[in-house]
Structures are given as structure tokens and as C-alpha cells.
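[1] Have a look at this prediction, sequence included:
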Amino acid sequence: MAQWQTRLYRDLHRNPELSLKEFRTAERIEAELSRLGTRPMRIGETGVAAVIRNGTGKTVLARADIDALPVTENTALPYASQIPGIMHACGHDMHICALLGAVKLLLSCRSDWSGTYIALFQPAEELAAGAEKMLADGLREKIPAPQIAFAQHVIVGPAGQITTVSGPALSAGDSIRIVIYGRGAHGSMPHTSVDTVLLASGIVTRLHSVVSREIQPGVFAVLTVGAINAGTKSNIIPDSAELLVNIRTYSTKVRDRIISAVERIVRGECAAAGAEREPEFTYYDHYPLTCNDKSANEIITEKFKAYFGPQSVTANGKGATASEDFSVIPDAYRIPYVYWFVGCTGEAQWNDALARGSVETDIPANHNPGFAPQITPTLQRATEAQAVAALAFLER
């Protein structure tokens, strides 16, 4: 089993595909599911689902994301990406192989469980579009309604160490495109302009005061200005500028307060600069809050401890600041879900960085060109975690 999964993982890692373009990846998944004896179905163009019915009982759904990122790999691995500018820099190839492995495990022990298991391979997580696309393509009509859903993610941490979280596991995420308008002019005549470069600079400075001065200390919130686009030449003052802002929160109330502050600051700065045209705000790439059901999380945490041993499970860990669209699907069914993390850093690398106090700087994390999960024991542990979670609700 480990040899099969490792071969598949390396193949997927060599051949990453961007969001909504995962055609080869979907074909590989379908081929493996068919070889295992299931009947895969394509949903949402590049999404795949397999339904395994095994008598009466609960219906559980396990999801893996499948898309890669526009990142140029820099790992020197023998199975590094062969596609220029594209890399599985977030471990989704590991998630695919783990879920396929869980399918194989559950098929091999049908006498030990009863119910329905749904393996869902979702595209375009990185665009917050894949879950919605599968729903739009009739997911709810094509698969039986689950009573609970699971997902997992590999992260920097001791390889194979599982971390469960009670409550918020991943933040809500919002991106905002802001366009401000001024008055263009020759660079030698700034007095005739409303300088949007200067205006944008002032806005950025003020925006970075929102979390530190308007959100209560200890309450999680992140505001990042990821891009400023303005101008074409050193002696031209541009008449417009674009800012791309990203917000992460664990609370709808905090999210609304930050968004209100962003709009207030931008409008106020524009008015102070004498801009005659109102700024424009476009909201996109919305990721919902991923908040684990506490009761279901407790059940799965105890099963993990019993199977892997208490030393291999970190219970009540901290949520991550990243965001996901996984919860869109269970929220559409109005069912509980559990999302957990699996460490993927080699023991020597982790211990060295931990001893130096340099984990955050010395170990390439998700989305980094050097992100390189250790296959063993990460893949085996992630596979078993999916199976153990399913059996927590399907075991006879």
C-alpha cells in the first residue's frame, strides 16, 4: 500500500495543475478509484466523487482538495514539479493520496463497518471556487446527503503528529480590490495633481493601524495590503491607483468591523486629498470560517488518541490563520464537520529548527517554493487518520 501511494504521490507532485484546470489529476483519481472497484463520478468539471455503500447506517463525507499553485518549485527533490511555474506547494497531492488510501482501507474491511462513505476530491480550493462549483453542478442531487464531513491538511510540524482543534480551525478570508482616483499630471507639476501614489501610501499606513488600534488585544485579526499598482513612468503622476487588501478573522463581528474601518479610512483619505471621484471597492475570494463542531471533534480526537497513542495527538491545538472553502459543502447540508492537521516535517529538520528557535524561518511552510512534506510517515498517518475518523461514525 505504501509503495502504491508513494508512486502516485510522486506522479501527482511531478504533474501539478492549477485551480479549475485539474484535468489530468481528475483522470488519475478516477483511474485509481475504478481500480479499487468504485464508480467515480465527475462533478464540477474537474471534481470527482465516489460513493461506497455498505449496508445501513450513517453517511459520512471525506474531502481532499486537488489543485496546485502558481509557484516555481525549489526543493531539488527527484520528483519535483516538471511543469514550469506550477507546484503542489500546499500538500494537496498528499491529501489526494491519503483519501484514496482511506478508500482502499475501508473497502478491505467492509465487515467491520456499516453505512455509506463518500470520498470527495474537490478542485480549486486555492481560488475559493471549487466547493461552490461542485454544488452548482448538482452535488446534492448526485450523492446521498451526509450526516458529517471531514477534511485534513498537512502543515509544518513533526511528521505524522495530528493536531485537532475545538472551534475555529481556519480563519474567514476576504480580499478587497480598492481603486482610488485622483488627478493625473506631469511629474514636474505636482501642484496641479491629486497624487494617487501619495494617497495610496497614506492609506496603507492608516490601514495597518486598524488591527492594532481598533481590534481588542488578544482577538485574532489580520489585515494585509498585498499589492499597490499605480503609474507607468517616473515623471507621470497617475490619475488612479489600485490596492489589494486581504483580511482574516475568526469572528463575523470582527470581520464586519474591519471592513467598515477599511472603507471609512479609504473614503476619508480620498476626501482629505481632494479626490473628486469616490473610491471603488470590489470584494472577492471570500473564504468562510472553518469552525469545527465541538462534539464531533471530541469524538474524533479520542479515537485518534486510542489508535495513534496520546503522544501522537495534540488535542485542543490552535487554529491556523489560513483559510479554506471546505466548509461550504457541509454548510450547504447544514451538518457538523471536523478539520484537523497532520505534521509533515522530517524529524531531524524539525528538531534542529526547534532547538534553534527558528521553526518559522528555517522550515519552508505551505505556499513556499521549498515546501517539501516528508512522505514517510506523513502519508501513512494521514491515510489512517481519514479511516479512523470514518470508523468513529461507521464502525459496527
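    Alright, I've got the coordinates. Quantities reported herein were computed from a predicted structural model and do not represent experimental measurements. Numbering: from 1, shown residues only.

[2] measure stretch 110-124 end to end?
    Using Cα to Cα, to the nearest Å, the end-to-end distance of stretch 110-124 comes out at 32 Å.

[3] that's a helix at residue 75, yeah?
    No. With DSSP: H, G, I helix; E, B strand; the rest coil as the criterion, residue 75 is coil rather than part of a helix.

[4] That one contacts residue 370, doesn't it?
    Yes. Counting by Cβ atoms under 8 Å, residue 75 does reach residue 370; the two are 5.6 Å apart. The way it works is simple: take the backbone N, C-alpha and C, and place the C-beta from them, glycine included.

[5] what's across from residue 87 in the sheet?
    Per DSSP bridges, the residues bridged to residue 87 are residue 69.

[6] is it true that it touches residue 77?
    No. Under the criterion of Cβ under 8 Å, residue 87 makes no contact with residue 77, lying 10.6 Å away.

[7] what's the nearest residue to residue 392 if we skip its chain neighbours?
    residue 303 (4.4 Å; Cβ to Cβ, 6 or more residues apart in numbering).

[8] Now do the contacts for that neighbour.
    If a contact means Cβ atoms under 8 Å, 6 or more residues apart in numbering, then residue 303 has 388-389, 391-392 as its contacts.

[9] So of those residues, which two are at opposite extremes in space?
    389 and 391 (7.5 Å; Cβ to Cβ).

[10] on that earlier part again, could you look up the SS state of the residue nearest to residue 392?
    When classified by three-state DSSP, residue 303 comes out as helix.

[11] hmm, back to that, so which of the contacts of residue 303 sit within helices?
    Under the assignment DSSP state H, those contribute 388-389, 391-392 to helices.

[12] Could you identify which of these has the most neighbours?
    Neighbour counts for the ones in helices among the contacts of residue 303, by other Cβ atoms under 10 Å, peak at residue 389, which reaches 25 neighbours.

[13] quick one, what contacts that residue?
    Shown in contact with residue 389 (Cβ under 8 Å, 6+ apart): 60, 62, 150, 300, 303-304, 338, 340.

[14] what's the answer for residue 282, then?
    By Cβ under 8 Å, 6+ apart, the residues touching residue 282 are 176-179.

[15] again with residue 199
    Residue 199 makes contact with 180, 182, 241, 269-270, 273, 275, according to Cβ under 8 Å, 6+ apart.

[16] can you give me how far stretch 278-289 is from the chain middle?
    Counting by Cα atoms, centre = their mean, to the nearest Å, stretch 278-289 is centred 18 Å from the centre of its parent chain.

[17] Excluding residues flanking it in the chain, which one is nearest residue 215?
    Excluding the flanking residues, the one nearest residue 215 by Cβ to Cβ, 6+ apart is residue 221, at 4.8 Å.

[18] Would you confirm that the one you found contacts residue 214?
    No. With contact defined as Cβ under 8 Å, residue 221 does not count as touching residue 214 (9.1 Å).

[19] Neighbour count for the two, which is higher?
    The neighbour comparison of residue 221 against residue 214 (other Cβ under 10 Å) goes to residue 221, with 21 against 16.

[20] Contact partners for the more buried one?
    With contact set as Cβ under 8 Å, 6+ apart, residue 221 has these partners: 211, 215, 247-249, 254, 258.

[21] ok, so of those residues, who is nearest residue 288?
    residue 249 (11.1 Å).

[22] and that closest one, how far is that from residue 216?
    According to Cβ to Cβ, to the nearest Å, residue 249 and residue 216 sit 12 Å apart.

[23] next one: residue 298
    The gap separating residue 298 from residue 216 is 28 Å, by Cβ to Cβ.

[24] cool, and residue 9?
    Taking Cβ to Cβ as the measure, residue 9 falls 44 Å from residue 216.

[25] next one: residue 61
    Distance, residue 61 to residue 216, by Cβ to Cβ: 36 Å.

[26] cool, and residue 158?
    Distance of residue 158 to residue 216, given as Cβ to Cβ: 33 Å.

[27] pull the longest helix from this structure.
    Longest helix in the chain by number of residues (criterion: DSSP H): helix 252-273.

[28] Measure how far it is from the centre of its chain, please.
    Centre-to-centre, helix 252-273 and its host chain are 27 Å apart (Cα atoms, centre = their mean).

[29] in the stretch 101-250 of the chain, which spans are helices?
    Secondary structure of the stretch 101-250 of the chain (DSSP state H, counting those that start in this stretch): helices at 130-136, 139-142, 196-207, 210-214.

[30] So in terms of bridging, what pairs with the nearest residue to residue 290 once chain neighbours are set aside?
    Nearest residue to residue 290, sequence neighbours excluded (Cβ to Cβ, 6+ apart): residue 170, at 3.7 Å. Residue 170 has these beta-bridge partners by DSSP bridges: residue 290, residue 320.

[31] Residue 170 touches residue 320, doesn't it?
    Yes. In this structure, residue 170 is within contact of residue 320 by Cβ under 8 Å, at 5.5 Å.

[32] which one of these two has more residues nearby?
    Neighbours per residue, other Cβ under 10 Å: of residue 170 and residue 320, the larger number sits with residue 170, 27 against 20.

[33] show me what contacts the more buried one?
    Counting by Cβ under 8 Å, 6+ apart, residue 170 makes contact with 287, 289-290, 319-320, 322-324, 339.

[34] repeat that for 7 Å
    Shown in contact with residue 170 (Cβ atoms under 7 Å, 6 or more residues apart in numbering): 290, 319-320, 322-324, 339.

[35] who does the longest helix of the chain touch, helix- and strand-wise?
    Using 3 or more Cβ pairs under 7 Å, 6 or more residues apart in numbering; DSSP states H and E, the elements in contact with helix 252-273 are strand 172-181, helix 196-207, helix 210-214, strand 221-230, strand 240-249.
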